[in-house]
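S.K.: Prediction below, plus the sequence it came from.
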Amino acid sequence: MNRRADSTLPRTVWRAATTPVAAPGQAVRASGFAALDAVLPGGGWPCGALTDWLLDGPAALVWRLAAPALARLARTGSAPPRVALIGPPQAPHAPGLGPCLPLWIDAPRTAERLWAAEQVLAAHACVAVLVWLTDARPEALRRLHLRAGHGQALLLACRPAHAAAQPCAAPLRLHLSAAEPWWLDVHLFKRPGPPLAQPLRLPSVPPVLAARMAPAWRHGPGHTGQPAQPQEATDVVRLDPPRRRA
């Protein structure tokens, strides 16, 4: 493509030499990691769309990557924002969410979690929805992605790493693993434009967590002290929705 023709293209057309941009009209939320924002389309997590987080490690990896973005969300309005946590494998650690108000939905089956996520998105009740899915089918993920498009909430599907081999409608997919101590390896293997060539290594102790953590948790072996006791989430909702196939 010659330079003159390239200059007439709209901003939303991706150019091979540039970082991909967000879709037209799509809001983004800064991740809180400058190196990650530099390679995310539009400079942050996309709102109104499904983002697929594939975990190779403990569930705590989710909080380590999500905490900075959630803390930023809490500073954007006068009232604490509500965040839906649907089917997490362990009870949420409320201090890790900072000023956000967690809505913990205890739904044991995949179909129930999908149903709950759709209801929360339809109600526009939360600024972010995190849903843990182990065996969701591609058509169910597509339906969830389309539902998210009717609002501006962050929608994060937290799934096992082996799901990377399965098709998914999410425009942004990443593989997340731990790197010791307190670092994360994040590989964007699907995004508008090319996949990220190499994983990013990110420091993952957000200030809101570091202030509440015992030194032994922050620094690893060689330090003494007892870890802080987790606090209960604000709300717990247990659902028994209509069953349907995932």
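M.R.: All right, it came through fine.
S.K.: any idea how far the residue nearest to the spatial centre of the chain is from E112?
M.R.: Nearest to the mean C-alpha position of the chain, counting by CA atoms, centre = their mean, stands L156 at 4.1 Å. In this view, L156 and E112 are 18 Å apart by CB to CB, to the nearest Å. To be clear about C-beta, it is placed using only N, CA and C from the backbone, and glycine gets the same treatment.
S.K.: go on, A169?
M.R.: With CB to CB as the criterion, A169 and E112 are 21 Å apart.
S.K.: is the residue nearest to V129 when sequence neighbours are not counted in a bridge, and if so with what?
M.R.: Sequence neighbours aside, A84 is the residue nearest to V129 in space, at 4.5 Å (criterion: CB to CB, 6 or more residues apart in numbering). Beta-bridge partners recorded for A84 (DSSP bridges): L103, V129.
S.K.: quick one: A84 and L101 touch, right?
M.R.: No: taking CB atoms under 8 Å as the definition, A84 is not a contact partner of L101, at 10.1 Å.
S.K.: quick one: buried residues of stretch 33-42?
M.R.: Using 16 or more other CB atoms under 10 Å as the test for burial, stretch 33-42 gives F33, L36, D37, V39, L40, P41, G42.
S.K.: Please confirm that the last one is located within a helix.
M.R.: Yes: inclusion of G42 in a helix is indicated when DSSP: H, G, I helix; E, B strand; the rest coil is applied.
S.K.: That one is in contact with S31, isn't it?
M.R.: No: counting by CB under 8 Å, G42 sits too far from S31 to count as a contact (11.1 Å).
S.K.: on that earlier part again, list just the nearest of the buried residues of stretch 33-42 to A91.
M.R.: Nearest to A91 out of the buried residues of stretch 33-42 is F33 (CB to CB; 26.0 Å).
S.K.: returning to what we had before: so where does the residue nearest to the centre of the chain fall, helix or strand?
M.R.: strand 154-160 (DSSP states H and E).
S.K.: pretty sure A169 contacts P138?
M.R.: Yes: here A169 reaches P138: they are 7.1 Å apart, a contact under CB under 8 Å.
S.K.: what about the helices in the chain?
M.R.: For the chain, the helices defined by DSSP state H cover 3-7, 34-37, 60-74, 110-123, 138-148, 207-210, 215-219.
S.K.: so can I have CSV of those helices showing mean pLDDT and distance to Q198?
M.R.: Formatted as CSV, the helices of the chain follow (pLDDT from 0 to 100; distance: least, CB to CB, whole Å):
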stretch, mean pLDDT, distance to Q198
helix 3-7, 50, 27
helix 34-37, 96, 12
helix 60-74, 87, 17
helix 110-123, 96, 32
helix 138-148, 97, 27
helix 207-210, 59, 27
helix 215-219, 55, 27
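S.K.: Noted, bye for now.
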